[in-house]
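A.B. asks: I need the structure of the sequence given here:
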Amino acid sequence: MSFPRILLYGTIILFGAMGSFALIKRLKGSREAIEQAAEISQDEKERELLKQVAALPKTPVASFTEIKIAPPAPLEPVEEEDFPACNRMQQLFSTGPHKLPIVETITYTSNVPWLKGRPAWLADYSNYYNTSCHFIARSLNKKLDYLSQKVFPGSKFNVFSKDKKIQFYLLLDLSRRKMGLYYIDLDTNERVLLKTYLVGAGKLDEKRLSGSLTPLGKFSLANKIAVYKPGDIGFFQEKRVEMIQVFGTRWIPFKEELEGTTGRAKGFGIHGAPWLKDKETEGYLENRDCIGKYDSGGCIRLLQEDVEELASIVMTKPAVIEIVRNFRTARLPGVEKGEPQHK
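C.D. replies: Sure thing, here's the model as predicted:
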């Protein structure tokens, strides 16, 4: 290739490069100008928004540090009206003339129209009348004996009336450590207080809404009630223990949470006072001193005669417990009937 032609091509390439460089510089300047314009536009929007906010009327707002939630008041002895006292157990178990309307007296016979092919035993009466054998035994034996079931033709005992639809309702006042047992007649919507028990409750804990390790609220009671005697071994808190030393002779567990509960049902229940080993005799002594005190891990404690009585009643019927700090705040079902008609 001749020198003049080479010079021509070089000149063309040089001018082309210079033109491209100028074009790139111009485009870059345009982009920077656009970005700068956008930033200015955004700044103007923000300034305008700040002006609008500043023009709004001033409304005082409480800061979080000004909001204080008072802790629940500690459970202390109350001086106002006490929990109603009552004991109608005689009218429930007695076969005499002044029975409560929810029971009827049966005269035992082995030949009954509702069972064919074999004689009827006490357990058959229990199933037919939906009344626990423990309840029948107490009425039959006419004393606090829930296990002996020696029955003869002509023996008399009480059962729950088949034509009565009832449920039981327990109301526990934590401040007073007292618990009322009611029956509710579901047909008439009447409520009758049967007995008031002195109880032991969970240890005091001011951090809890109840003021105690015992939770507040309504719980249903399970009908699978455990009966313990000396020598019965089980597990408690993952340790093998003699159950009577923890639960006494009966364990009535909570079944499920119903309303306004501050704790779960699992692990809570009603049981007897613990039995302690007597080092001298190697026998057992019931720790009756724990009743009326805040001394448990959250469960409700009763004396042996009280927990065995209660278990015999609620074992075969639906039952609910409502736990409150003060019985006056309770939401009891039904209409109170102070003096039920005798049957």
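A.B. asks: now do the helix or strand Leu276 falls within: distance to the chain's middle.
C.D. replies: Element membership for Leu276 (DSSP states H and E) is strand 275-277. Remark: strand 275-277 is offset 29 Å from the chain centroid, using CA atoms, centre = their mean, to the nearest Å.
A.B. asks: surely Ser220 forms part of a helix?
C.D. replies: No. Counting by DSSP: H, G, I helix; E, B strand; the rest coil, Ser220 falls outside a helix, being strand.
A.B. asks: what helix or strand does the nearest residue to it once chain neighbours are set aside sit in?
C.D. replies: Leaving aside its chain neighbours, Ser220 sits nearest to Lys255 (4.4 Å; criterion: CB to CB, 6 or more residues apart in numbering). The way it works is simple: take the backbone N, C-alpha and C, and place the C-beta from them, glycine included. For Lys255, the enclosing helix or strand under DSSP H and E is strand 250-259.
A.B. asks: and the contacts of the strand holding Leu276?
C.D. replies: 230, 244-245, 248, 283-287 (CB atoms under 8 Å, 6 or more residues apart in numbering).
A.B. asks: what is the nearest of these to Thr95?
C.D. replies: Gly248 (28.7 Å; CB to CB).
A.B. asks: what segments of the stretch 51-200 of the chain are helices?
C.D. replies: 89-93, 122-129, 133-141 (DSSP state H, counting those that start in this stretch).
A.B. asks: correction: the stretch 201-343 of the chain
C.D. replies: Per DSSP H, counting those that start in this stretch, the stretch 201-343 of the chain carries helices over the ranges 244-247, 304-314.
A.B. asks: now the shortest one, how far from the centre of its chain.
C.D. replies: Yep, that's helix 244-247 we're talking about. The gap between where helix 244-247 is centred and where its chain is centred comes out at 22 Å by CA atoms, centre = their mean.
A.B. asks: circling back: same list (the helices of the stretch 201-343 of the chain) but as a markdown table, adding mean neighbour count and distance to Gly234.
C.D. replies: Shown next, in a markdown table, are the helices of the stretch 201-343 of the chain (neighbours: other CB atoms under 10 Å; distance: least, CB to CB, whole Å):
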| stretch | mean neighbour count | distance to Gly234 |
| --- | --- | --- |
| helix 244-247 | 21 | 9 |
| helix 304-314 | 22 | 17 |
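A.B. asks: circling back: please spell out which residues along the strand holding Lys255 are buried.
C.D. replies: 250-255, 257 (16 or more other CB atoms under 10 Å).
A.B. asks: low-confidence regions, this structure specifically.
C.D. replies: Of all residues in the chain, those with pLDDT under 70 make up the ranges 1-79, 339-343.
A.B. asks: could you list the domains of it?
C.D. replies: Here the domain parsing of the chain from automatic domain parsing is 103-163, 167-343.
A.B. asks: now do the shortest one: distance to the chain's middle.
C.D. replies: Counting by CA atoms, centre = their mean, domain 103-163 is centred 34 Å from the centre of its parent chain.
A.B. asks: end to end on it, go ahead and measure it.
C.D. replies: 10 Å (CA to CA, to the nearest Å).
A.B. asks: just to revisit the earlier point, could you dump the domains of the chain to TSV with distance to Thr95?
C.D. replies: Output for those, formatted as TSV (distance: least, CB to CB, whole Å):
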stretch	distance to Thr95
domain 103-163	5
domain 167-343	11
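A.B. asks: what about the strands in the stretch 51-200 of the chain?
C.D. replies: In the stretch 51-200 of the chain, the strands defined using DSSP state E, counting those that start in this stretch lie at 103-107, 156-160, 166-173, 178-185, 190-198.
A.B. asks: mind putting the buried residues of strand 250-259 into JSON lines with distance to Leu193?
C.D. replies: Formatted as JSON lines, the buried residues of strand 250-259 follow (distance: CB to CB, whole Å):
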{"residue": "Arg250", "distance to Leu193": "22"}
{"residue": "Trp251", "distance to Leu193": "25"}
{"residue": "Ile252", "distance to Leu193": "19"}
{"residue": "Pro253", "distance to Leu193": "24"}
{"residue": "Phe254", "distance to Leu193": "22"}
{"residue": "Lys255", "distance to Leu193": "23"}
{"residue": "Glu257", "distance to Leu193": "25"}
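A.B. asks: hmm, which two among those are most spread apart?
C.D. replies: Arg250 and Glu257, at 22.2 Å, using CB to CB across the buried residues of strand 250-259.
A.B. asks: Met243 and Pro230 touch, don't they?
C.D. replies: No. Checked against CB atoms under 8 Å, the pair Met243 and Pro230 is beyond contact range at 9.5 Å.
A.B. asks: comparing those two, which residue is more hemmed in?
C.D. replies: Neighbour count, other CB atoms under 10 Å: between Met243 and Pro230, Met243 has more, with 23 against 13.
A.B. asks: and the gap between that one and Glu336?
C.D. replies: 38 Å (CB to CB, to the nearest Å).
A.B. asks: do Asn127 as well
C.D. replies: Asn127 is 33 Å from Glu336, by CB to CB.
A.B. asks: swap in Ala123?
C.D. replies: From Ala123 to Glu336 the distance is 36 Å (CB to CB).
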